[in-house]
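Visitor: Turn this into a model:
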Amino acid sequence: MGCSPTQSVCARCREEIQGTRGGLLAIDGANAAWAATAYEGAGRRLVGQLKFAGRLALARAAAEAIARMAPPPAPGAAVVPVPADPLRSRLRGFDPASLIAAELATLLRLQPSDCLARSHSRRQVGRSRAERMAAGPTVRLVSEPPVHAVLVDDVTTTGTTLARCAAVLREGGCAEILAVAFARA
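Guide: Next up is the predicted model:
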């Protein structure tokens with residue numbers, strides 16, 4: 001992202017993100033799942049700049065890419081962010097998935113719903129696929145879930161976190177879940 005701090009995404013990076021399509025995801029518990037781009041090149045740089053350099057304006061670019069690529073949500077759906085680990089969220093001062101979800105809710109004119117929370121757990125980064133799938137995060141409901149949800153994450157690797165969130169939403173009564181991520185590894 002050779003963009004200035006006030007610029008969201010330069011034209012070259014925007015074209016690269018649009019050119020490396022993410023596509024369908026297989027997420028247990030979701031009616032449909034989609035990623036806007038691959039977690040490589042400009043997509044990976046955007047996530048890194050958002051999460052680790054605090055370039056919060058990039059959440060809008062990620063939401064725009066999701067809105068452009070994902071199937072349309074059910075009428076009246078609410079946008080539910082995948083909750084961040086509370087310790088990492090406190091250290092960063094923000095939650096990347098929550099920022100993307102808020103921007104997506106605005107773009108799609110849907111209500112946001114922060115109905116999920118997560119307990120502190122070991123980081124997924126650096127763990128093998130088998131470890132990630134066997135020991136995913138602990139997620140719980142903190143308020144009533146929507147009947148129709150657009151579940152939003154910044155990056156998905158194994159799909160374990162999205163699947164855990166979808167399972168909790170289903171247990172709470174959510175009837176339809178569209179899981180979306182900005183990038184997929």
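Visitor: and the nearest residue to Arg184 once chain neighbours are set aside, how many neighbours?
Guide: In space, and not counting its chain neighbours, Arg184 is closest to Ala35: 3.7 Å by C-beta to C-beta, 6 or more residues apart in numbering. (C-beta placed from N, C-alpha, C; glycine too.) By the criterion of other C-beta atoms under 10 Å, Ala35 has 27 neighbours.
Visitor: do Pro81 as well
Guide: Neighbour number of Pro81 under other C-beta under 10 Å is 26.
Visitor: returning to that earlier point: just confirm the residue nearest to Arg184 is within a strand.
Guide: Yes - assessed by DSSP: H, G, I helix; E, B strand; the rest coil, Ala35 belongs to a strand.
Visitor: On the pLDDT front, check it for me.
Guide: pLDDT recorded at Ala35 is 96.
Visitor: Dig out what it forms beta bridges with.
Guide: With DSSP bridges as the criterion, the beta-bridge partners of Ala35 are Gly23, Ala181.
Visitor: tell me which element the residue nearest the centre of the chain is part of?
Guide: With distances taken as C-alpha atoms, centre = their mean, the residue of the chain nearest its centroid is Asp153 (1.1 Å). For Asp153, the host element (DSSP states H and E) is strand 148-156.
Visitor: For that strand, buried residues please.
Guide: Residues of strand 148-156 classed as buried: His148, Ala149, Val150, Leu151, Val152, Asp153, Asp154, Val155, Thr156 (neighbour count, 16 or more other C-beta atoms under 10 Å).
Visitor: Could you pull up the contacting residues of the fifth one?
Guide: With contacts defined as C-beta atoms under 8 Å, 6 or more residues apart in numbering, Val152 is in contact with Ile66, Val79, Val80, Pro81, Val82, Ala97, Ile100, Ala101, Leu104, Val180, Ala181.
Visitor: can you check the fourth one too?
Guide: Contacts of Leu151 were listed using C-beta under 8 Å, 6+ apart, and they are Ala30, Val80, Val82, Leu162, Cys165, Ala166, Leu169, Ile177, Leu178, Ala179, Val180.
Visitor: Many thanks, I have nothing further to ask.
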